[in-house]
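Enquirer: Sequence and predicted structure are below.
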Amino acid sequence: MHSGMRLSAYDDRTDPILISMETGLRDRVAIVAASSKGIGRAAALALAAEGTHLALCARNSDALEQVEEEARRTHGVSVYADTFDVADDLRVRQFVDAVHSRFGRIDICVTNAGGPPAKLFLETTMPEWDNAYQLNLRSIVSFAHAVLPYMQQRHWGRIVTITSMTVKQPVPELILSNSVRAGALGLVRSLATQFGPDNITINNVAPGYTATDRMKELAQTKANMTGGTAAEYETEIAQSVPLRRFAQPEEIADTIVWLASERASYITGQTVLVDGGVYRGL
């Protein structure tokens, strides 16, 4: 989805006409967490393509600098970047306050964090459960707690959380992700109800199998469990998807941009699966 997207439409005479699908994102300010690579990076650059100014954070400073430079050079937007772990509540708060001080507004917050390790239940440890909660649920709470007062001031806001299709269809070896990320659904529903009167929408994007480093990690873990190879497992997984392929990060990013845009202004409290049809429920 890019600014000025042209869509085919028809008037009363059924003649094709062209209309412009404006996202309303130009000159807004978006926080994108874990934006140095993968889906976070794709989301940051997709928002920048709409003319949205960016506040980026990640743990890898070198990779983050590359995204920062690309957004500035290619799209001409302002970018503020900071390196820290989103599991650190204090640093999240300091970052959000710094973003508001720099830009004078925060319109969009895309929460994101790396997934917990792939393990079967009896292989997990209690510290791993604590870490998964801190990284994949509490970090969302931290960002929401910090950005919502600023969004209330302007009576406009978008929070988009990124979780996983496992919140709808658990994967056995992803027990930590299955359990902890599911809490984001209850949080999103609750916040959407409370902050709807402030014209703030809050939604969740649940990606399926996506061509990222995380997918390679999961494939290798599965291969270690079964005695096969990572390549064999990737092929097997891709064939299990109705579309017979993995998603590209940019395809997830397009959904994030849409939910952040004016075009999705009446959608809130929802979990949008971007999984190529893997989820079979109704």
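Expert: Nice, I can see it. Numbers count the residues shown, from 1 in each chain.
Enquirer: From now on I want contacts and neighbour counts done on CA atoms only, so please keep to that.
Expert: OK.
Enquirer: what are the pairing partners of the strand ranked longest in the chain, and which direction each?
Expert: Assignment by DSSP state E gives strand 200-207 as the longest strand of the chain. Its sheet considered, strand 200-207 pairs with strand 157-162 (parallel), strand 271-274 (parallel) by DSSP bridges.
Enquirer: what's the most buried one of those strands?
Expert: Neighbour counts (mean count of other C-alpha atoms under 10 Å) averaged over each of the strands paired with strand 200-207 peak at strand 157-162, with a mean of 27.
Enquirer: And the contacts of the helix or strand following it?
Expert: Sequence order places helix 175-195 as the next helix or strand after strand 157-162, per DSSP states H and E. Here helix 175-195 makes contact (C-alpha atoms under 8 Å, 6 or more residues apart in numbering) with 115-121, 129, 132-133, 136-137, 140, 161, 163-164, 166-168, 170-171, 200-204, 268-271.
Enquirer: Of those residues, grab the buried ones for ChimeraX.
Expert: Typed into ChimeraX, the line below selects the buried ones among the contacts of helix 175-195, using 16 or more other C-alpha atoms under 10 Å:
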select :115,116,117,118,119,129,132,133,136,137,140,161,163,164,166,167,168,170,200,201,202,203,204,268,269,270,271
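Enquirer: Would you mind listing where the chain has pLDDT under the threshold?
Expert: 1-21 (pLDDT under 70).
Enquirer: Can you show me the helices along it?
Expert: With DSSP state H as the criterion, the chain has helices at 38-49, 61-75, 89-103, 126-133, 139-154, 175-195, 213-226, 230-240, 249-260.
Enquirer: ok and the first one relative to strand 200-207, angle-wise?
Expert: Right, helix 38-49. 130 degrees (axes from the mean of the first three to the mean of the last three C-alpha atoms, to 10 degrees).
Enquirer: what comes up buried for helix 38-49?
Expert: Buried-residue list, helix 38-49, by 16+ other C-alpha under 10 Å: 38, 39, 40, 41, 42, 43, 44, 45, 46, 47, 48, 49.
Enquirer: Next: the second one.
Expert: Within helix 61-75, the residues that qualify as buried are 64, 65, 67, 68, 71, 72, 75, counting by 16+ other C-alpha under 10 Å.
Enquirer: what's the closest of those residues to residue 221?
Expert: Of all the buried residues of helix 61-75, residue 64 has the smallest distance to residue 221: 26.6 Å, by C-alpha to C-alpha.
Enquirer: Not counting residues beside it along the chain, what's closest to that closest one?
Expert: Among residues not flanking residue 64 along the chain, residue 36 sits closest, at 4.4 Å (C-alpha to C-alpha, 6 or more residues apart in numbering).
Enquirer: so who does that neighbour touch?
Expert: 57, 58, 59, 60, 61, 63, 64, 65, 66, 67.
Enquirer: Same check on residue 99?
Expert: Residue 99 sits in contact with 55, 80, 105, 106, where contact means C-alpha under 8 Å, 6+ apart.
Enquirer: Using a markdown table, please lay out these together with neighbour count and distance to residue 263.
Expert: A markdown table is the format used below for the contacts of residue 99 (neighbours: other C-alpha atoms under 10 Å; distance: C-alpha to C-alpha, whole Å):
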| residue | neighbour count | distance to residue 263 |
| --- | --- | --- |
| 55 | 28 | 22 |
| 80 | 16 | 26 |
| 105 | 18 | 21 |
| 106 | 29 | 19 |
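Enquirer: Return the member of these nearest to residue 214.
Expert: residue 55 (23.2 Å).
Enquirer: dump the residue contacts of that closest one.
Expert: 29, 30, 31, 32, 79, 80, 81, 99.
Enquirer: Over to residue 166?
Expert: 174, 177, 178, 181, 182, 206.
Enquirer: Now flag whichever of the residues you listed is closest to residue 22.
Expert: Using C-alpha to C-alpha, the contacts of residue 166 come closest to residue 22 at residue 206, 24.4 Å.
Enquirer: ok, so what distance separates that closest one from residue 275?
Expert: Residue 206 sits 8 Å away from residue 275, going by C-alpha to C-alpha, to the nearest Å.
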